[in-house]
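> Got a predicted structure here, sequence first:
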Amino acid sequence: MSDKPNSYEVLGVTQSASADEVRRAYKKEALKHHPDRNPGNAAAEAQFKLVNEAYQVLSDPEKKEIFDRFGHEGLEGRGGFSNAGDVFSHMQDLFSEMFSGGGFGGFGGVRRGADIRVQQRLTLSEAAFGCKREVTVQTPARCDECSGSGAAAGSKPEQCSQCRGTGQISNARGFVMFTAPCPRCQGRGQTIRNACKPCGGEGVVAKPHTVVVGFPAGIDSGQRLRVQGQGIAAQGGGPPGDLYVEVEVEDDPRFERDGVDVISRVQVSFCDAAMGAKLRVPALRAEDGDGGQHEIALPAGTQPGSVFTLKGQGIPRLDGRGRGAFMVAIQVEVPQKLSAKAKELLAELQAELEGTPRKKASAGG
């Protein structure tokens, strides 16, 4: 009895599955276990071969009938698997999916440049009302010392002995020929004996590049902006990567931010809280604005922890639907040092409030 696994189980289908269901299952499993998606994974490579063999059996009506009646033993000695031309015919659609924009370099395709990620600090006012900032990033550029060759002065790159200058090596896996970058020269086709010191043999050095980035009103810490096409340039004419700018909003000693709301904590005297007063509180304004203040009418008898809310005076919403609130939280300041006169007056006030006559202190007390 053959020790090969059941072809239906390999593809995860039943014996009654239609040809279309078998094909869909094959494409799913082949993509899952493809060696390019699992580099260095021997188990995945072995499973990929089993998936191909199972599909060659179940996609051929004659072989499927023999397999259904006799299993793998019935196929042995009958030229059980297709020739190389049949394999490529079966896998044509699979490869077109994998190598046309699906994340692989592809056969003759171009790769997109790498993305760049940076952080940018903004003041609370900049984040609240939006701003434009110059963001400087380090991007690879041709080394002027070696003109991009990577070789030190007086030397030059040599043809790679492993790939013979092609930059690629080919390996056969079953009936399929796979091409990969040469590991010795990293796909360049050349090796460098004496490397250029400024670039370390890479032919490129990091140079600063400035991008003007517009930050929308209402942006907050942890949010990220994408600037398309401002990442690292691609080799071979591919599109450049993108620049991702993550925002960090600095603390402002005057305010606390709570989403789109702004809280200002204001200390008032015991007398102002008791008798009422008019307060002027710094407003949140754009940095190029004229400053400004909010005027708050503090009613008599204001208690510690009272909050006065000014709707529409907070931070703009990112979707443009108005602004949050500006909230003034009252903290009553209690004097810690009192003169004798102040103590006497407070004692009189306490007696007045409690409705009891105040007893004068004795001469000895």
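Alright, I've got the coordinates.
> residue ranges with poor pLDDT in this structure?
For the chain, the stretches flagged by pLDDT under 70 are 1-3, 36, 70, 73-111, 172, 174-177, 234-238, 287-291, 356-365.
> How much space separates Gln303 from Ser7?
Computed with C-beta to C-beta, to the nearest Å, the distance linking Gln303 and Ser7 is 79 Å. C-beta: built from backbone N, CA, C; applies to glycine.
> Could you do Thr139 as well?
Taking C-beta to C-beta as the measure, Thr139 falls 51 Å from Ser7.
> The two: which is more packed in?
Ser7 (25 against 20; other C-beta atoms under 10 Å).
> Tell me how far the more buried one lies from Arg224.
Computed as C-beta to C-beta, the Ser7 to Arg224 distance reads 47 Å.
> so what strands line up beside the helix or strand harbouring Ile169?
Assessed by DSSP states H and E, Ile169 sits inside strand 168-173. Partner strands and pairing direction for strand 168-173 (DSSP bridges) are strand 176-181 (antiparallel).
> Neighbouring strands - and their directions - for the helix or strand just after the partner strand?
Secondary structure here is assigned by DSSP H and E; on that basis, the next helix or strand after strand 176-181 toward the C-terminus is strand 190-191. Using DSSP bridges, the strands paired with strand 190-191 in its sheet are strand 158-159 (antiparallel).
> Give me the residues contacting the partner strand.
Residues external to strand 158-159 that are found in contact with it (C-beta atoms under 8 Å, 6 or more residues apart in numbering): 165, 189-193.
> Need the CA coordinates for the strand holding Ile169. CSV is fine.
C-alpha atoms of strand 168-173 as CSV (Å, rounded to 0.1, in the frame of the first residue of the first chain):
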residue,chain,number,x,y,z
GLN,A,168,20.5,35.3,-10.3
ILE,A,169,20.7,31.6,-9.7
SER,A,170,18.2,29.0,-10.7
ASN,A,171,17.0,25.9,-8.8
ALA,A,172,14.6,23.2,-9.9
ARG,A,173,11.9,22.2,-7.5
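> Now for Lys156, how many residues are close by?
One way to gauge burial is a neighbour count; for Lys156, by other C-beta under 10 Å, it gives 13.
> a helix runs through it, doesn't it?
No. Looking at Lys156 with DSSP: H, G, I helix; E, B strand; the rest coil, it is coil, so not inside a helix.
> For it, which residues are in contact?
The neighbourhood of Lys156, defined by C-beta under 8 Å, 6+ apart, consists of Ser149.
> ranges for the helices of the stretch 251-365 of the chain?
If you assign secondary structure with DSSP state H, counting those that start in this stretch, the helices in the stretch 251-365 of the chain sit at 270-275, 340-354.
> my read: Arg254 touches Ser264, true?
Yes. Under the contact definition of C-beta atoms under 8 Å, Arg254 touches Ser264, with a separation of 6.6 Å.
> Mutual contacts of these two, please.
Listed as contacting both Arg254 and Ser264 by C-beta under 8 Å, 6+ apart are Pro282.
> Which secondary structure state does Ser125 sit in?
The local conformation at Ser125, judged by three-state DSSP, is helix.
> For the helix or strand containing Glu45, which residues meet the burial criterion?
Using DSSP H and E, Glu45 maps to helix 42-58. Residues of helix 42-58 classed as buried under the neighbour-count rule (16 or more other C-beta atoms under 10 Å) are 45, 47-48, 50-58.
> Now distance to Leu122 too, for those residues, in TSV please.
Converted to TSV, the buried residues of helix 42-58 look like this (distance: C-beta to C-beta, whole Å):
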residue	distance to Leu122
Glu45	49
Gln47	50
Phe48	49
Leu50	55
Val51	51
Asn52	54
Glu53	58
Ala54	57
Tyr55	55
Gln56	60
Val57	62
Leu58	59
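> Quick check: the two most widely separated of those residues?
Using C-beta to C-beta, those reach their maximum pairwise distance at Glu45 and Leu58, which is 20.9 Å.
> Look up the closest residue to Arg224, ignoring the ones flanking it.
Taking C-beta to C-beta, 6 or more residues apart in numbering, and ignoring the residues beside it in sequence, Arg224 has Glu246 as its nearest neighbour in space, at 4.8 Å.
> Check the gap between that neighbour and Arg226 for me.
Separation of Glu246 from Arg226 (C-beta to C-beta): 11 Å.
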